[in-house]
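1. What follows is a predicted protein model with its sequence.
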Amino acid sequence: MSQGKVVLMACGSFSPPTYMHLRMFEIAKDYLHSLGLANVIGGIVSPVHDAYGKKDLVAAQHRIAMLKLALRSSTWIKISDWETQQNGWTRTRISLQYHQDIINRFLTNISTIDDMDAPNWLPDDILNVNNMNSGNSIDEPDNLMERLNGNRVERVTVKLLCGADLLESFATPGLWSDEDLETIVGRHGLVVVSRAGSDPGRFIYESDMLYKHRNNVTLVTNYIANEVSSTVIRRLVRRGESAKYLTDDAVLAYLRTHRLYGATSSQTEAVARCS
Ligand SMILES: Nc1ncnc2c1ncn2[C@@H]1O[C@H](COP(=O)(O)OP(=O)(O)OP(=O)(O)O)[C@@H](O)[C@H]1O
Ligand SMILES: NC(=O)c1ccc[n+]([C@@H]2O[C@H](COP(=O)(O)O)[C@@H](O)[C@H]2O)c1
């Protein structure tokens with residue numbers, strides 16, 4: 001059954017962004033469309049706050065700058081700096097809910113956000129509200145929204161897009177609250193891209209909560225497996241080795257210019273000579 005209009009949101013460090021961080025959006029969108037599971041109308045990358053404190057997490061300003069470079073050719077994936085602008089780390093449930101609320105409020109033009117400028121992470125399709133609302137059926141009518149707007153409005157669901165390793169982190173004691181997971185999986189939904197060394201199907205089967213909500217979890221097999229990760233890029237950069245073709249050249253140039261992850265000036269000069 002179609003899950004209606006969906007925005008895919010990926011949360012993470014993106015320190016630095018890799019081709020796989022962006023590739024997973026394309027793989028997921030194609031899969032959902034090809035099976036008629038959902039109409040993906042946008043993608044959001046939400047880098048985590050500096051206070052998340054993960055090893056090698058460089059300042060959000062750098063991670064966002066690198067994401068902008070990596071995404072400059074994308075027509076549909078936007079970057080939200082909302083998490084990075086908060087006073088501290090934001091739980092993923094809160095972030096999903098925030099972005100979903102803003103999108104749906106924007107669509108229905110509820111008075112509380114009348115004077116709100118459209119955030120720059122808002123998918124282009126959302127901005128074109130008239131197109132959004134023409135001739136669409138409603139899967140789950142929201143009477144409040146209809147009453148407020150006087151129109152038939154199809155709500156947008158923001159789903160968490162992640163790799164199978166993030167799904168498996170749900171079992172790490174103390175990392176996620178049961179209540180948050182219930183909301184993330186039950187109300188938003190997950191789109192999980194396979195990753196070497198993970199068995200998300202088994203993981204779902206072995207979790208009562210995930211099994212209960214399995215209709216709201218889409219597993220996407222990445223047949224063009226690619227195990228590039230931020231860790232791999234940081235390691236290569238630290239060792240003065242080439243990370244070319246694992247992420248955008250402009251991202252590599254940026255991290256060298258700013259001496260991130262132990263990049264050295266000689267690497268900077270080498271890039272400058274080659275470009
Ligand atoms: N190669 C990959 N295949 C599938 N999903 C991936 C891959 N690399 C990253 N992801 C997903 O991207 C999201 C953001 O992850 P994150 O920023 O932690 O990237 P990472 O490359 O795994 O980072 P690090 O190496 O620093 O742990 C997560 O949902 C993660 O599962
Ligand atoms: N309880 C939670 O909401 C929770 C727990 C762990 C990680 N996360 C999120 O998952 C992402 C994980 O990123 P890393 O894989 O880089 O650690 C981050 O965006 C982080 O905020 C959320």
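-> Ah, there it is. Ligands and ions are numbered 1, 2, ... in the order given.
2. Please tell me the pLDDT value assigned to A196.
-> For A196, the model assigns a pLDDT of 89.
3. neighbours around it, how many?
-> Using other C-beta atoms under 10 Å, A196 is surrounded by 10 other residues. Where you see a C-beta, it was placed from the backbone N, CA and C, and this is true even at glycine.
4. Three-state assignment for it, please.
-> Following DSSP: H, G, I helix; E, B strand; the rest coil, we place A196 in the coil state.
5. Help me confirm that it comes into contact with A225.
-> Yes - taking contacts as C-beta atoms under 8 Å, A196 lies within contact range of A225: 6.1 Å.
6. now the closest residue to G201 other than its chain neighbours: how far from ligand 1?
-> Of all residues not flanking G201 in the chain, L219 sits nearest, at 6.2 Å (C-beta to C-beta, 6 or more residues apart in numbering). According to C-beta to the nearest ligand atom, to the nearest Å, L219 and ligand 1 sit 12 Å apart.
7. before we move on, what about L127?
-> Distance of L127 to ligand 1, computed by C-beta to the nearest ligand atom: 26 Å.
8. sec struct for the closest residue to that residue other than its chain neighbours, please.
-> Sequence neighbours aside, A118 is the residue nearest to L127 in space, at 6.1 Å (criterion: C-beta to C-beta, 6+ apart). Following three-state DSSP, the label given to A118 is coil.
9. okay, now the residue nearest to G201: neighbour count?
-> Residues near L219, counting by other C-beta under 10 Å: 17.
10. my guess is it contacts V192, does it?
-> Yes - contact criterion C-beta under 8 Å: L219 and V192 qualify, at 5.3 Å.
11. For the two, list the residues in contact with both.
-> Shared contacts of L219 and V192 (C-beta atoms under 8 Å, 6 or more residues apart in numbering): P200.
12. what number of residues lie near the residue nearest to L127?
-> Neighbourhood size, A118 [other C-beta under 10 Å]: 11.
13. what separates the residue positioned nearest the centre of the chain from ligand 1, distance-wise?
-> The chain has A10 as the residue nearest its centroid, 1.5 Å off, counting by C-alpha atoms, centre = their mean. Separation of A10 from ligand 1 (C-beta to the nearest ligand atom) stands at 5 Å.
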